[in-house]
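Colleague: fold the following.
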Amino acid sequence: MNILSIQSHVTYGHVGNAAATFPMQRLGHEVWPIHTVQFSNHTGYGAWRGQVFDAGLIGECLAGMAERGVLATCDGVLSGYMGSADTGIAILEAVSTVKTQQNGALYCCDPVIGDVGRGVFVRPGIAEFMRHKAVPAADLITPNQFELELLCGHETASLPAVRRGLAAVHATGPATILVTSYLGQDTPADAIDLLASTADGLWRVRTPRLDISVNGAGDAIAALFFVHLLDTRSAPEALSRAASAVHGLLRHTLEAGSREIALVAAQDEFVRPSRTFAAEAI
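Modeller: Next up is the predicted model:
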């Protein structure tokens with residue numbers, strides 16, 4: 001498959017395209033990355049160098065690809081952190097261009113807005129752009145629990161509440177929703193849940209909760225879930241494969257004591273996870 005991935009990029013470490021591109025390639029897919037920023041390292045370090053690229057770069061790259069006649073072979077578009085509304089608009093224009101060329105292409109939007117403990121960390125206006133523009137345009141989205149609650153407008157601590165929240169977001173457009181980290185009232189203290197929702201049902205994968213907090217894991221799981229969904233057309237199968245791979249990735253990272261996800265050292269986890277977690281219907 002051919003995946004167009006429009007995200008941020010860092011020279012050192014693994015976030016954005018630096019976290020999403022290699023796992024998809026390791027699974028045998030071609031990835032066409034467009035970088036929205038080029039930073040020395042992710043901003044979690046508190047200091048970084050580099051620059052934010054003009055949103056027009058996205059259209060320029062798409063125009064050049066169109067001249068090569070390759071957009072008709074694009075199977076999907078993946079987007080992550082947008083940075084500005086202008087970048088978001090350019091991404092949605094790119095999605096429209098690809099879908100005009102390839103009617104079966106899907107758009108996966110990772111609606112990066114914030115997280116538990118950090119709150120909203122994007123610029124003013126981005127959360128509204130995600131809610132009103134990007135999410136309705138997406139075929140599938142991959143929010144964390146904090147972002148799901150912002151999108152649906154209420155808390156999702158209980159299973160009935162998360163079902164209502166998912167239904168409300170589905171009604172705005174996306175057919176598939178992956179909740180990349182979910183801690184509900186029935187989630188054991190030593191576990192973390194991942195949820196996948198479609199019109200056919202709701203599935204959960206429960207994995208052991210690791211004592212680790214790193215950047216980039218969400219970018220990796222969004223990419224893995226997207227390509228597995230494109231490949232299998234099964235949300236529970238994609239959920240199982242992505243969750244198993246990322247658990248292995250995080251376990252390797254924890255064992256290495258690394259501040260950056262061990263993307264290269266743990267690459268076999270993407271192809272043959274050392275432990276498989278099955279998705280269960282709930």
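Colleague: the chain: strands as residue ranges?
Modeller: Assigned by DSSP state E, the chain shows strands spanning 2-10, 30-39, 50-52, 76-79, 106-109, 114-115, 119-120, 140-141, 176-182, 191-198, 201-208, 280-281.
Colleague: dump those strands to a markdown table, plus mean pLDDT.
Modeller: Below are these laid out as a markdown table (pLDDT from 0 to 100):
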| stretch | mean pLDDT |
| --- | --- |
| strand 2-10 | 97 |
| strand 30-39 | 96 |
| strand 50-52 | 93 |
| strand 76-79 | 98 |
| strand 106-109 | 98 |
| strand 114-115 | 88 |
| strand 119-120 | 78 |
| strand 140-141 | 98 |
| strand 176-182 | 97 |
| strand 191-198 | 98 |
| strand 201-208 | 98 |
| strand 280-281 | 98 |
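Colleague: out of those, nearest to Leu230?
Modeller: Each of these has some distance to Leu230 by Cβ to Cβ; the shortest is strand 76-79, at 5.6 Å. Bear in mind the C-beta positions are built from the backbone N, C-alpha and C, glycine included.
Colleague: partner strands of the closest one, with direction?
Modeller: strand 2-10 (parallel), strand 106-109 (parallel) (DSSP bridges).
Colleague: most tightly surrounded among these?
Modeller: strand 106-109 (a mean of 26; mean count of other Cβ atoms under 10 Å).
Colleague: in this structure, where is pLDDT below threshold?
Modeller: Along the chain, the model assigns pLDDT under 70 to no residue.
Colleague: mind checking the longest helix of it?
Modeller: Longest helix of the chain, by residue count under DSSP state H: helix 235-256.
Colleague: which parts of it are buried?
Modeller: 235-253 (16 or more other Cβ atoms under 10 Å).
Colleague: in a markdown table: the strands of the chain, plus distance to Leu159.
Modeller: Converted to a markdown table, these look like this (distance: least, Cβ to Cβ, whole Å):
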| stretch | distance to Leu159 |
| --- | --- |
| strand 2-10 | 32 |
| strand 30-39 | 36 |
| strand 50-52 | 40 |
| strand 76-79 | 29 |
| strand 106-109 | 25 |
| strand 114-115 | 22 |
| strand 119-120 | 25 |
| strand 140-141 | 20 |
| strand 176-182 | 10 |
| strand 191-198 | 10 |
| strand 201-208 | 9 |
| strand 280-281 | 12 |
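Colleague: the ones you listed: which one's closest to Pro273?
Modeller: Comparing these by their distance to Pro273 (Cβ to Cβ), the top pick is strand 201-208, with 10.8 Å.
Colleague: got the angle for the closest one vs helix 235-256?
Modeller: 20 degrees (axes from the mean of the first three to the mean of the last three Cα atoms, to 10 degrees).
Colleague: same for strand 201-208, what does it pack against?
Modeller: strand 191-198, helix 235-256, strand 280-281 (3 or more Cβ pairs under 8 Å, 6 or more residues apart in numbering; DSSP states H and E).
Colleague: mind listing what the closest residue to Glu280 other than its chain neighbours touches?
Modeller: Spatially, and ignoring its direct neighbours in sequence, Glu280 is nearest to Arg204 (5.6 Å; Cβ to Cβ, 6 or more residues apart in numbering). Arg204 sits next to 182, 193-196, 279-280, 282 when contact means Cβ atoms under 8 Å, 6 or more residues apart in numbering.
Colleague: what do you get for Thr87?
Modeller: Contacts of Thr87 by Cβ under 8 Å, 6+ apart are 36, 55, 58.
Colleague: wait, the first one sits on Ala94?
Modeller: No - contact between Thr36 and Ala94 fails when scored by Cβ atoms under 8 Å: they sit 11.2 Å apart.
Colleague: higher neighbour count, these two?
Modeller: Taking neighbours as other Cβ atoms under 10 Å, Thr36 and Ala94 compare with Thr36 leading, 26 against 23.
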